[in-house]
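Engineer: Need a 3D model of the following:
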Amino acid sequence: MIIMATTEPIKDAETIQQIKEYLMIKEDYRMFSLITMGFHSALRIGDILKFCWGDVYDFKNKLFKKYVTLKEQKTGKNAKVALHTNTIRALEMYMDSLPPITAERYIFKSQKSQNKPLSRIQAYRIMKKIETDLQIETNFSCHSLRKTFGYHAYKQGASIAVIMNIYNHSSFEITKRYLGISQDDKDELYLNINL
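Structural biologist: Modelled structure (predicted):
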C-alpha cells in the first residue's frame, strides 16, 4: 500500500523567505517568478504554467498588466486575478534576464522544448529539490503554493467566504482542509483573545 503525503501550506514566513533567497542566490529567476506568482495568486500550477508573456505584459505600452484573466483548467470557470507587486517585480527581473521575448512565449518555458511550458512533473521535481536542499519540514510541492496563499490570507484576517470564492470551493470543509488549520493555530487564537 502506498501512503501519499498530504501537501501542506508553508505556515512559517521565514521558510517562504528562505525559498526566495535560495532561488535568488541560484539566479533561478524562472522558478523565483513561478513561486512568487503561486504564493500571491492562489492559482493551480497547471494554470500558472500556461501563461504567456502577453497574458501579464502589455507589449504595446511596455508595462505589466494589473490583472491576469484565465479560464481555470480544472473548473472551467473564468477568473480575474490581480497581479501583486511582488509578482510584478519577480517577473520584471526574470524578463530582464532573458533575450528579447514575444507575447506568445510561455513565461515558464521548458528548457528542453522550444514551444512548450515547463511540465507539472518538472515543476514538482524542482520543488522537491528545494524541499530537500533547504530541509523544509512540510511536504513542499506545487500545490503548497496555492495552499500557502489561503493560509496566510486567513491568518491576516481575510474572510473565509472570500477565500472560498477565490479557490472556487463549494464548501467550507474543503477550504478548512486547504488552510491546514492546526491545533497550534487554534491555541494561538484561544490564548490571544483578551476580553
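Engineer: residues in contact with the one residue sitting closest to the centre of the chain?
Structural biologist: Relative to the mean C-alpha position of the chain, the nearest C-alpha, by Cα atoms, centre = their mean, is the one of residue 38, at 1.2 Å. Residues counted as contacts of residue 38 (Cβ atoms under 8 Å, 6 or more residues apart in numbering) are 45, 48, 142, 145-146, 148-149. Where you see a C-beta, it was placed from the backbone N, CA and C, and this is true even at glycine.
Engineer: where does it land on pLDDT?
Structural biologist: Note on residue 38: pLDDT of 96.
Engineer: cool, residue 159 as well?
Structural biologist: 89.
Engineer: and what of residue 164?
Structural biologist: pLDDT at residue 164 comes out at 89.
Engineer: so who does it touch?
Structural biologist: 171-172, 175.
Engineer: where along the protein do the helices fall?
Structural biologist: Using DSSP state H, the helices assigned to the chain run over residues 13-25, 29-41, 45-49, 53-56, 85-96, 120-134, 142-155, 160-167, 172-179, 183-192.
Engineer: and the longest one, which residues are buried?
Structural biologist: Put plainly, it is helix 120-134. Within helix 120-134, the residues scored as buried using 16 or more other Cβ atoms under 10 Å are 123, 126-127, 130-131.
Engineer: Just give me the closest of those to residue 82.
Structural biologist: Residue 82 lies nearest to residue 123 out of the buried residues of helix 120-134, by Cβ to Cβ, at 22.8 Å.
Engineer: if we can go back for a sec, turn the contacts of residue 38 into a markdown table, columns for pLDDT and neighbour count.
Structural biologist: Converted to a markdown table, the contacts of residue 38 look like this (pLDDT from 0 to 100; neighbours: other Cβ atoms under 10 Å):
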| residue | pLDDT | neighbour count |
| --- | --- | --- |
| 45 | 95 | 22 |
| 48 | 97 | 25 |
| 142 | 92 | 22 |
| 145 | 94 | 27 |
| 146 | 92 | 23 |
| 148 | 93 | 27 |
| 149 | 93 | 23 |
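Engineer: Tabulate these (JSON lines), appending distance to residue 30.
Structural biologist: JSON lines is the format used below for the contacts of residue 38 (distance: Cβ to Cβ, whole Å):
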{"residue": "45", "distance to residue 30": "14"}
{"residue": "48", "distance to residue 30": "12"}
{"residue": "142", "distance to residue 30": "14"}
{"residue": "145", "distance to residue 30": "14"}
{"residue": "146", "distance to residue 30": "19"}
{"residue": "148", "distance to residue 30": "19"}
{"residue": "149", "distance to residue 30": "20"}
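Engineer: Out of those, give me the two with the largest separation.
Structural biologist: 48 and 148 (13.5 Å).
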